[in-house]
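> sequence unavailable; structure follows:
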Ligand code: SAH
């Protein structure tokens with residue numbers, strides 16, 4: 001593996017291991033998820049100037065007024081999604097840097113990810129190419145409407161917060177499928193786990209308080 005992927009100094013395996021230990025202390029227990037946090041070079045998902053902070057458990061700016069999610073949140077959402085059972089197809093709304101996408105791509109068969117800011121989508125695409133992640137499909141669109149062409153999905157992860165759960169997303173969830181979505185206003189958002197139980201029914205479980213950027217309509 002190249003130095004670039006393996007990392008040195010503040011991006012080294014030792015630095016990454018410290019992050020993994022912290023996530024374990026904070027309650028993340030699924031080893032397959034922790035392995036991805038250890039292996040995936042998060043420093044390649046942020047600007048070079050921020051690479052030395054890439055293995056801190058914190059969200060970081062990625063331009064366009066957006067942020068790469070905090071590793072704890074990525075691990076928490078991924079773990080909750082996987083606990084719902086075997087996943088073939090997963091939809092992600094809000095590709096952003098592509099970091100959450102990369103974690104998912106290592107753990108499920110196919111990831112469909114949509115993003116409303118073209119500049120971010122292009123950068124993410126380049127990262128997937130460099131990391132040889134070939135099971136990711138991307139689309140430039142307002143993800144509040146999901147990606148109906150490939151529905152139904154076994155799982156959906158939304159990485160920006162709407163005020164209410166978009167009905168279109170529930171409709172694209174397979175029966176028994178699970179969605180992780182932050183819901184609510186800035187300052188009072190909750191991470192909600194939704195399980196589709198029937199054609200017109202679903203169950204909701206609030207997991208914890210979170211802070212995400214807002215889900216916005218349209219594209220730019
Ligand atoms: N998973 C990303 C999170 C990025 S922040 C990461 O770890 O890097 C959330 C992202 O959601 C932003 O890139 C933002 O542009 C995008 N977003 C917000 N509203 C959206 C919408 N309606 N459709 C698609 N993407 C959206």
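Perfect, I can see it now. Please read these numbers as outputs of a predicted model, since none were measured by experiment. Numbers count the residues shown, from 1 in each chain.

> what's the neighbour count on residue 48?
8 (other Cβ atoms under 10 Å). Heads up, the C-betas are built off the backbone N, CA and C, glycines and all.

> cool, residue 133 as well?
Using other Cβ under 10 Å: residue 133 sits among 17 other residues.

> just the element for residue 132, please.
Assigned by DSSP states H and E, residue 132 belongs to no helix or strand.

> tell me what the helix or strand harbouring residue 72 is packed against?
Here residue 72, judged by DSSP H and E, is contained in helix 71-82. Applying 3 or more Cβ pairs under 8 Å, 6 or more residues apart in numbering; DSSP states H and E, we find helix 71-82 packed against helix 13-25, helix 31-39, helix 99-105, strand 153-158, strand 173-183, strand 189-198, strand 201-210.

> quick one: distance of the fifth one to the chain centre.
Which is strand 173-183. Centroid separation for strand 173-183 versus its chain: 13 Å, with Cα atoms, centre = their mean, to the nearest Å.

> ditto for the first one
Distance of helix 13-25 from its chain centroid, counting by Cα atoms, centre = their mean, is 19 Å.

> same check on the second one?
Per Cα atoms, centre = their mean, the displacement of helix 31-39 from the mean C-alpha position of its chain is 14 Å.

> buried sites along the helix or strand following it?
Downstream of helix 31-39, the next assigned helix or strand under DSSP H and E is strand 60-63. By neighbour count on 16 or more other Cβ atoms under 10 Å, the buried set for strand 60-63 is 60, 62.

> which neighbouring elements make contact with the very next helix or strand once past strand 60-63?
Once strand 60-63 ends, the next helix or strand along the chain (criterion: DSSP H and E) is strand 66-68. In this structure, strand 66-68 makes packing contacts with strand 60-63, judged by 3+ Cβ pairs under 8 Å, 6+ apart.

> go through the helices and strands packed on helix 71-82 and name the closest to the ligand.
helix 99-105 (3.7 Å; Cβ to the nearest ligand atom).

> as a whole number, average confidence for the closest one?
Taken as a whole, helix 99-105 has a mean pLDDT of 98.

> and it, what does it pack against?
Applying 3+ Cβ pairs under 8 Å, 6+ apart, one finds that helix 99-105 makes contact with helix 31-39, helix 71-82, strand 89-93, strand 110-115, helix 118-130, strand 136-140.

> is that helix positioned near the ligand?
Yes. Judged by Cβ under 6 Å from any ligand atom, helix 99-105 comes into contact with the ligand through 99, 100.

> residues contacting the residue most central in space within the chain?
Closest to where the C-alpha atoms of the chain average out (Cα atoms, centre = their mean) is residue 100, at 3.2 Å. Neighbouring residues of residue 100 by Cβ atoms under 8 Å, 6 or more residues apart in numbering: 69, 74, 77, 78, 92, 157, 159.

> flag every buried residue along stretch 183-199.
183, 184, 189, 191, 192, 193, 194, 195, 196.

> in TSV, list the residues you listed along with pLDDT and distance to the ligand.
Shown next, in TSV, are those (pLDDT from 0 to 100; distance: Cβ to the nearest ligand atom, whole Å):
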residue	pLDDT	distance to the ligand
183	98	13
184	97	15
189	97	13
191	98	13
192	98	16
193	98	17
194	98	17
195	97	22
196	97	21
